[in-house]
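Asks: What follows is a predicted structure for the sequence shown.
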Amino acid sequence: MIRRADDDGPVLVTGPGGFLGAAIVAALLARGRRVRGFSRSEPPGLTRLNVAFVRGDVADAEAVDRACRGAAAVFHTAAKPPPWGRRRDYERTNVLGTRNVIAACRRHGVRRLVYTSSPSVVFHGGDLKGVDESHPYPARHLADYPATKAEAERAVVAAGKEGGLRTIVLRPHQIWGPGDPHFLPRLVRRARRLRRIGDGHNRVDTTFIDDAAEAHLLAEQALAANASLSGRIFFISGGDPVPAWEMIDRLLGAAGLPPVRGAMSLAAARRLGRACEWIWRGLALPGEPPLTRFVATALGTSHWFDIAAARRDLGYRPAVSIAEGLERLARRLREEAGHRGHGGTP
């Protein structure tokens, strides 16, 4: 029997220790919402924030069931990220995990589910310039991450169309900002080996972390007010496409590093990425290759998206410009460097 959850119940965030998940938790708490987190390990400081916590893996249906019990809404951000890993691990977390969340929401009468996807689900290897949500999935994805995220997307959309549980899929593009544990640290680690890929004119849009979190809260509010939005997909970004390698140089500059020197063609980068993949898979090497075809193609092509639907239907308005975001990022990095210099934990 489905028991309808109390709309005053807590809001569940899967992956509360991740970059986006933590920002959503903070935004919810700032609005006086009760929050419950769910992940395999409890993020530091969560209890101090008065956030309830349920430990478990999204691939464990029973654990997900415990986490969703009594929740008014769910923000499902937990995922196995790109760019490298085993196909079965991507399927286990991104596909099975999402299906478990949907099933638990239905079982416990959760009213709203906001799912974090990625624009890479429509990436076909060529330029994507200003495309909107009508753009189709490719016949074949370039990597396991977008393939499994697309499969999860379809499940969330179908659930939202069936009634009962209201769902929205968000596709935030290139989330960045202070506290980023993924993209910027990877850039910094590889800065000396980086080479520009392509002709340097390819443009991308990005999403500052605060805007990405706000988009999720707006989506949940929109679902509460308008059932006709259920099962919809929305691109999210800062709405300001810039040359990709200019953005990378500016991010490196915020970290006190020089711009990228040297270049290679997109075709050469793809060949190198393919060779790295063969070597890593053939020898079962640990870690990830220095380059993959998916990463090479993403760095050498244009991909920016029309966010008119999010503006119109969710009331989404990007609030943090690239310049302001870079100032915040540089300030945070200087503070962290000063903290380490005074004997803090690196």
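Replies: Nice, I can see it. Residues are numbered from 1 along each chain as shown.
Asks: Quick check: the gap between Leu285 and Val51.
Replies: Distance from Leu285 to Val51, counting by C-beta to C-beta, to the nearest Å: 38 Å. The C-beta positions use only the backbone N, C-alpha and C, and glycine is treated the same way.
Asks: These two: which has the busier surroundings?
Replies: Taking other C-beta atoms under 10 Å, Leu285 and Val51 do not tie; Val51 has more neighbours (21 against 11).
Asks: Skipping its backbone neighbours, what lies nearest that one in space?
Replies: Val35 (4.8 Å; C-beta to C-beta, 6 or more residues apart in numbering).
Asks: Please name the residues that touch that neighbour.
Replies: For Val35, the contact set (C-beta atoms under 8 Å, 6 or more residues apart in numbering) comprises 10-13, 16, 25, 28-29, 49, 51-52.
Asks: Distance of it relative to Ile24?
Replies: Val35 is 9 Å from Ile24, by C-beta to C-beta.
Asks: what do the two both touch?
Replies: Common neighbours of Val35 and Ile24 (criterion: C-beta under 8 Å, 6+ apart): 13, 16.
Asks: Please enumerate the helices of the stretch 201-346 of the chain.
Replies: For the stretch 201-346 of the chain, applying DSSP state H, counting those that start in this stretch gives helices covering 209-225, 244-254, 266-282, 293-300, 308-309, 322-341.
Asks: between the ones you listed, which one is nearest to Thr148?
Replies: Between Thr148 and those, the tightest spacing by C-beta to C-beta is seen for helix 293-300, at 13.0 Å.
Asks: which helices and strands does that closest one pack with?
Replies: strand 196-197, helix 266-282 (3 or more C-beta pairs under 8 Å, 6 or more residues apart in numbering; DSSP states H and E).
Asks: which other residues reach that helix?
Replies: By C-beta under 8 Å, 6+ apart, the list of residues contacting helix 293-300 from outside reads 82-83, 120, 123, 125, 142-143, 145-146, 197-198, 202, 244, 266, 269-270, 272-274, 277.
Asks: Drop anything exposed from those.
Replies: For those, a burial check counting by 16 or more other C-beta atoms under 10 Å picks out 82-83, 120, 123, 125, 142-143, 145-146, 197-198, 202, 244, 266, 269-270, 272-273, 277.
Asks: Touching, Leu96 and Ala59? I think so.
Replies: Yes. With contact defined as C-beta atoms under 8 Å, Leu96 counts as touching Ala59 (5.1 Å).
Asks: Where does pLDDT dip in this structure?
Replies: Scanning the chain for pLDDT under 70 picks out the ranges 1-7, 339-346.
Asks: show me the contacts for Val64.
Replies: By C-beta under 8 Å, 6+ apart, the contact set of Val64 is 38, 56, 58, 97, 100-101, 103-104.
Asks: Let me know whether Val242 touches Val204 as I believe.
Replies: Yes. Counting by C-beta under 8 Å, Val242 touches Val204, with 7.0 Å between them.
Asks: Counting neighbours, go ahead and name the busier of the two.
Replies: The residue with more neighbours, out of Val242 and Val204, is Val204; 24 against 15, by other C-beta under 10 Å.
Asks: mind checking the backbone torsions on Arg112?
Replies: Note on Arg112: backbone dihedrals following degrees, to the nearest 10 are phi -140, psi 140.
Asks: let's number from 801 now, not from 1
Replies: OK, 801 is where the count begins now, so the last one is Arg912.
Asks: Tell me how far it lies from Leu1018.
Replies: Distance, Arg912 to Leu1018, using C-beta to C-beta: 12 Å.
Asks: repeat for Ala852
Replies: 24 Å.
Asks: Compare neighbour counts for those two and give me the winner.
Replies: Of the pair Ala852 and Leu1018, Leu1018 is the one with more neighbours under other C-beta under 10 Å, namely 21 against 14.
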